[in-house]
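K.L.:
sequence and predicted structure below; questions after.
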Amino acid sequence: MKHKVAAVQMNSGMDVAENLTHTERLISQVARLGARLVVLPECFAAFAASDMLAIGQGEQTNEGPIRSFLAEQARTHKIWLVAGSIPYFPEGQTDDRCLASCFVYNDQGEEVARYDKIHLFDVNVDDSKGSYRESKEFLPGKHLVVIDTPFGRVAPVICYDLRFPEIFRKLAEQHVDIFCIPSAFTAVTGAAHWETLVKARAIENFSYVIAANQTGMHGDKRETHGHSMIVDPWGQAIASTTKGEAVILADIDLQKVKQIRDQMPSLSHRCPYELAVIKK
Ligand SMILES: O=C(O)CNC(=O)[C@H](CS)NC(=O)CCC(=O)C(=O)O
C-alpha cells in the first residue's frame, strides 16, 4: 500500500510568529496534495534566535504556543507530523540549556513521541560563521525513539545525527522503515556531504529517508544547504529540490522495503569479529 509523504524546506528566521505563519502555509500545501506524513526542518520555528532559552521555557507543556500550534496543524490536516526541532526546556531542569527536541504528532493531533537531538554540532567550518558550538546552548538527548505509524515504523533523528551510522543501525535493528531527518545542514558541509550521507543511511539500512533541510541565509549570517530529499530503500532520490523554500512529496511503499530486505538480507548477515592492532 502506498502512502504520500512530504518534506518541507524553509528559510526560518528568528521570529517565531513569522515562522509559524510560513509553516502553516506549507503544511496546508502538502496536506492539499495528499501528504499523510510531513517532516519539518530543524529549528523551523526559531533559527539562531537570541532567546532560545525563553522559547524553550515557554514549551514546557503541550500548552506551549509552538506545541499547541503543531497539535492543531496535525489535527486540522489529519497528518502525522514530525515537527523538525524546537528548543525544549524540561520542567525542573537545573542546567540553563535547552534540548533540541523533535515532537511527533499523530493525525488526531496527539503528541505521540519526542526525540531529543543526541549529537551536538561543535565543529569548525570554512564558512562565514566559522565555529559552531551547539553544546553552548543545548544539552544532548539520551534516547532514540521508534514510532509505529500507519505507514510503517518511523524514527526521527536530527541533522548532525546523520553523521553517526551506528544510531541508524541500532534503529534498523528495531525494524525501522522510515528515517525522518529534520536538518539545518550548513551550505559548506551540505555541498560536500549531505546527499552522500542521506543516501548512505537509506542504502545501509534498506529504509526510506525523508530529509527536510533549512535553506539560504539566516539571521546570524549562517547559510544552510537546502536540497531536501526523499530517498527510497535502494538509494534512489524519489523527490528532491535545490535552494529556496519548497515542499517535496513522494509515494512510499512498505512492500518495497520488505522486498529489498528479502533480496539482500545483509542486516541479518552481520558477523562477530575480533580486532587486532598490528604495532609497527
Ligand atoms: O542552532 C540553531 O539555531 C540551528 N541548529 C543548527 O544549525 C545545527 C546546530 S548549529 N546545525 C547542525 O547541526 C548542522 C550539521 C551539519 O551541517 C553537518 O553535520 O555538516
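P.N.:
All right, it came through fine.

K.L.:
for burial, what's the neighbour tally of Lys78?
P.N.:
12 (other Cβ atoms under 10 Å). For every residue, glycine as well, the C-beta is placed using N, CA and C.

K.L.:
pLDDT score for the closest residue to it other than its chain neighbours?
P.N.:
The shortest distance from Lys78 to any non-neighbouring residue, by Cβ to Cβ, 6 or more residues apart in numbering, is to Asp107 (4.5 Å). Note on Asp107: pLDDT of 98.

K.L.:
how about the strands in the stretch 51-200 of the chain?
P.N.:
Shown for the stretch 51-200 of the chain, the strands assigned by DSSP state E, counting those that start in this stretch span residues 80-88, 98-105, 111-116, 122-124, 131-133, 138-139, 147-149, 152-156, 178-183.

K.L.:
export the ones you listed to CSV and tack on mean neighbour count and distance to Glu63?
P.N.:
Shown next, in CSV, are those (neighbours: other Cβ atoms under 10 Å; distance: least, Cβ to Cβ, whole Å):
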stretch, mean neighbour count, distance to Glu63
strand 80-88, 27, 13
strand 98-105, 25, 13
strand 111-116, 19, 11
strand 122-124, 12, 33
strand 131-133, 13, 32
strand 138-139, 21, 22
strand 147-149, 16, 22
strand 152-156, 24, 22
strand 178-183, 29, 23
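
K.L.:
and of those strands, who's closest to the ligand?
P.N.:
With distances scored as Cβ to the nearest ligand atom, the stretch of the strands of the stretch 51-200 of the chain nearest to the ligand is strand 131-133 (4.5 Å).

K.L.:
pairing partners for that closest one, with directions?
P.N.:
strand 122-124 (antiparallel) (DSSP bridges).

K.L.:
so how far is the partner strand off the chain centroid?
P.N.:
20 Å (Cα atoms, centre = their mean, to the nearest Å).

K.L.:
identify the bridge partners of the spatially closest residue to Val157 that is not a sequence neighbour.
P.N.:
Nearest residue to Val157, sequence neighbours excluded (Cβ to Cβ, 6+ apart): Ile181, at 5.7 Å. Counting by DSSP bridges, Ile181 is bridged to Ala211.

K.L.:
for Ile181, give me its contacts.
P.N.:
39, 156-159, 161-162, 198, 201, 209-212 (Cβ atoms under 8 Å, 6 or more residues apart in numbering).

K.L.:
quick one: the helices in this protein?
P.N.:
Along the chain, counting by DSSP state H, helices occupy 16-32, 52-57, 65-77, 165-172, 187-189, 195-205, 254-263.
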